[in-house]
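>>> Below is the sequence, then the predicted model.
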Amino acid sequence: MESENKIKIRVENLTKIFGPKSRIPEAQQLLEKGENKENILKKTKCGIGVSNASFTVMEGEIIVIMGLSGSGKSTLVRCLNRLIDPTEGKIFIDDEDITTLSPNELRRVRLTKLGMVFQNFALFPHRTVCQNAEYGLEIQGMAPEERRQKAFTALEQVGLKGWENHYPHNLSGGMQQRVGLARALAMDPDILLMDEAFSALDPLIRSDMQDELIGLQQQLQKTIVFISHDLDEALKLGDRIILMKDGAIVQSGTAEEILTNPATEYVARFVENVDISKVLTAESVMIKPKAMASPEVHGPKSALRFMQKEGFSQIFVHDKKKQVIGLVSADAASEAAQRGEKDLFSIMQKDFIHVTPDTPAADLIPILADIPYPLPVLENGKMKGIIIRGSLLAALSERGRSSDNA
Ligand SMILES: Nc1ncnc2c1ncn2[C@@H]1O[C@H](COP(=O)(O)OP(=O)(O)OP(=O)(O)O)[C@@H](O)[C@H]1O
């Protein structure tokens, strides 16, 4: 979901060591020598929060930082807004190294570029929903009318129109988290840092919130750093995922890359129960044969010739703008040719089933069972490829873990 290829956040060799200041250099040295977290703690009383982490986040991307409890996710994200000062390393936001900023400059970056959404909602109980949502703008010194306007817009974006004058205790957990999100969005930050933002919610509400975040993101195109210990959440939300263990990044990549090519035994075990068919998309399993109408196909005769030459029993027909407009079978083309018909329109099946490139592979299996033609993958009406059962199953098993349903 990258809007363009611009790096928004660049983290270089970030390390955070907690503990007595005088012991930190020693802990740092041990870390560089490859000593493990437990031994460093024993020898120096210092805890390793983050260890030599480097990564980039592209503008408009949702990156999920994932790992078990204590792996360093929160420390890493708190370094990004300097709630925690890193021990070592650089953090660039829009090419500005925020580890070197003065307190005033840092305040400016926090107010203009970074919004944070917390797991525990962190709402003020004595403030109304609107007053909560406008809190950040109030601190900025924005005039009451203007900030109210922005808060109303943000609340509408998160589906809370009409709730502006209620108090948090009148709201469900999901709604309270929407207020938390609206409070961050009202500031219109470039970057949203979301620390286990949906972890306190019931599973169904949590799933709804994930869907809504994806929807909002399509509209707003923020850069989102989302922390989660939940693999399903990471797979669903992340354009890319960073997997952490003991403060270090063990792998980063798309869900597909991580699942099909785990970097270490640890990663492989972490993802071993994931059904890969839920992660792979139509785009990654489609094939691109000539089974889409070639430009020379104008009428039944040429369509038939084309199908015979390629060994197809049907083809998709597209118009001059390359929009796929129908499906013609070899039988129908043959009969029409015998009748002496000149065009394909009267024999074309117009209501064929199709999918989009991001359709999960798991959804394709039942569709393919129901249709007698290859499943076309269309993007804005244009043919990107087709899916046939054999190649889908081959792709799923080739990439490691074939779906049980397949
Ligand atoms: N203020 C602190 N002082 C000392 N050690 C800390 C501090 N904050 C974090 N740590 C240590 O740093 C390591 C990483 O913790 P962190 O909270 O970043 O992990 P996490 O992956 O976010 O875990 P969780 O999912 O439980 O929040 C842990 O070993 C933790 O004990």
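Here it is on my side, so go on. The shown structure was predicted, so the numbers you read here are calculated from the model rather than taken from an experiment.
>>> Help me confirm that Ser69 comes into contact with His229.
Yes: using C-beta atoms under 8 Å, Ser69 and His229 qualify as a contacting pair, with a distance of 6.3 Å. Backbone N, C-alpha and C define where each C-beta goes, glycine included.
>>> Who has more neighbours out of those two?
A direct count of neighbours by other C-beta atoms under 10 Å for Ser69 and His229 places His229 higher, at 16 against 7.
>>> Next, the contact list for Ala263, please.
Val250, Gln251 (C-beta atoms under 8 Å, 6 or more residues apart in numbering).
>>> Check the spacing between it and the ligand real quick.
Distance from Ala263 to the ligand, counting by C-beta to the nearest ligand atom, to the nearest Å: 19 Å.
>>> does that residue count as helix, strand or coil?
coil (DSSP: H, G, I helix; E, B strand; the rest coil).
>>> Show the pLDDT at it.
Ala263 is assigned a predicted lDDT (pLDDT) of 94.
>>> same question, Ser294
58.
>>> In the stretch 51-200 of the chain, what residue spans correspond to strands?
62-67, 88-93, 96-97, 114-117, 191-195 (DSSP state E, counting those that start in this stretch).
>>> quick one: which of the ones you listed is nearest the ligand?
strand 62-67 (5.2 Å; C-beta to the nearest ligand atom).
>>> Tell me who's in contact with the closest residue to Lys288 other than its chain neighbours.
Leaving aside its chain neighbours, Lys288 sits nearest to Gly385 (4.6 Å; criterion: C-beta to C-beta, 6 or more residues apart in numbering). Residues in contact with Gly385 (C-beta under 8 Å, 6+ apart) are Ala282, Glu283, Met286, Ile287, Lys288, Pro376, Val377.
>>> looking only at pLDDT, what's the mean for the top helix by length along the chain?
What stands out as the longest helix in the chain, according to DSSP state H, is helix 203-220. Helix 203-220 carries an average pLDDT of 90.
>>> Using neighbour counts, pick out the buried residues of that helix.
Residues of helix 203-220 classed as buried by neighbour count (16 or more other C-beta atoms under 10 Å): Ile205, Arg206, Met209, Gln210, Glu212, Leu213, Leu216, Gln217.
>>> picking that back up, filter the contacts of Gly385 down to the buried ones.
Buried members of those, scored by 16+ other C-beta under 10 Å, are Ala282, Glu283, Met286, Ile287, Pro376, Val377.
>>> Confirm that the fifth one sits in a helix.
Spelled out, that is Pro376. No: according to three-state DSSP, the state of Pro376 is strand, so it is not within a helix.
>>> Next, find the distance separating it from Leu368.
12 Å (C-beta to C-beta, to the nearest Å).
>>> pLDDT, secondary structure and distance to Asp239 for the contacts of Gly385 - can I get that in CSV?
Below are these laid out as CSV (pLDDT from 0 to 100; DSSP: H, G, I helix; E, B strand; the rest coil; distance: C-beta to C-beta, whole Å):
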residue, pLDDT, secondary structure, distance to Asp239
Ala282, 90, helix, 17
Glu283, 89, helix, 14
Met286, 89, coil, 20
Ile287, 85, strand, 24
Lys288, 79, coil, 23
Pro376, 92, strand, 25
Val377, 94, strand, 20
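>>> just to revisit the earlier point, between strand 62-67 and the longest helix of the chain, find me the angle.
140 degrees (axes from the mean of the first three to the mean of the last three C-alpha atoms, to 10 degrees).
>>> Make 267 the starting number, not 1.
Sounds good: first residue 267 from here, last item helix 469-486.
>>> Please export the C-alpha coordinates of helix 469-486 as CSV.
The C-alpha trace of helix 469-486 is given here as CSV (Å, rounded to 0.1, in the frame of the first residue of the first chain):
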residue,chain,number,x,y,z
PRO,A,469,-11.9,-10.8,19.4
LEU,A,470,-14.8,-9.7,17.2
ILE,A,471,-14.5,-6.0,18.0
ARG,A,472,-10.8,-6.4,17.5
SER,A,473,-11.3,-7.9,14.1
ASP,A,474,-13.7,-5.0,13.2
MET,A,475,-11.2,-2.5,14.3
GLN,A,476,-8.5,-4.1,12.1
ASP,A,477,-10.9,-3.9,9.1
GLU,A,478,-11.7,-0.3,9.8
LEU,A,479,-8.0,0.6,10.2
ILE,A,480,-7.3,-1.0,6.8
GLY,A,481,-10.3,1.0,5.3
LEU,A,482,-9.1,4.2,7.0
GLN,A,483,-5.6,3.7,5.8
GLN,A,484,-6.8,3.4,2.2
GLN,A,485,-8.4,6.7,2.6
LEU,A,486,-5.8,8.6,4.7
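>>> Contacts for that helix next, please.
So helix 469-486 is contacted by 267, 328, 423-425, 438-440, 443-444, 447, 451, 463-465, 467, 490, 499, 502-503 (C-beta under 8 Å, 6+ apart).
>>> How about stretch 408-416?
Applying C-beta under 8 Å, 6+ apart, the set of residues contacting stretch 408-416 from outside is Cys396, Glu400, Leu403, Glu404, Ala452, Asp454.
>>> Which one of these is nearest to Cys345?
Set against Cys345, the nearest of the contacts of stretch 408-416 by C-beta to C-beta is Asp454 (23.2 Å).
>>> quick one: contacts for that closest one?
Lys416.
>>> these two touch, right, Leu437 and Gly428?
No: taking contacts as C-beta under 8 Å, Leu437 lies outside contact range of Gly428: 11.9 Å.
>>> between these two, who's got more neighbours?
Leu437 (18 against 10).
>>> and the more buried one, how far is that from Ile471?
Using C-beta to C-beta, Leu437 is found at 12 Å from Ile471.
>>> show me what contacts whichever residue of the stretch 467-616 of the chain sits closest to the ligand?
Here the stretch 467-616 of the chain gets closest to the ligand at one residue, His495, 5.1 Å apart by C-beta to the nearest ligand atom. Residues in contact with His495 (C-beta under 8 Å, 6+ apart) are Met332, Gly333, Leu334, Ser335, Lys339, Glu462, Ser465.
>>> so the fifth one touches Val330, yeah?
If I follow you right, that is Lys339. No: using C-beta under 8 Å, Lys339 is not in contact with Val330; the gap is 9.5 Å.
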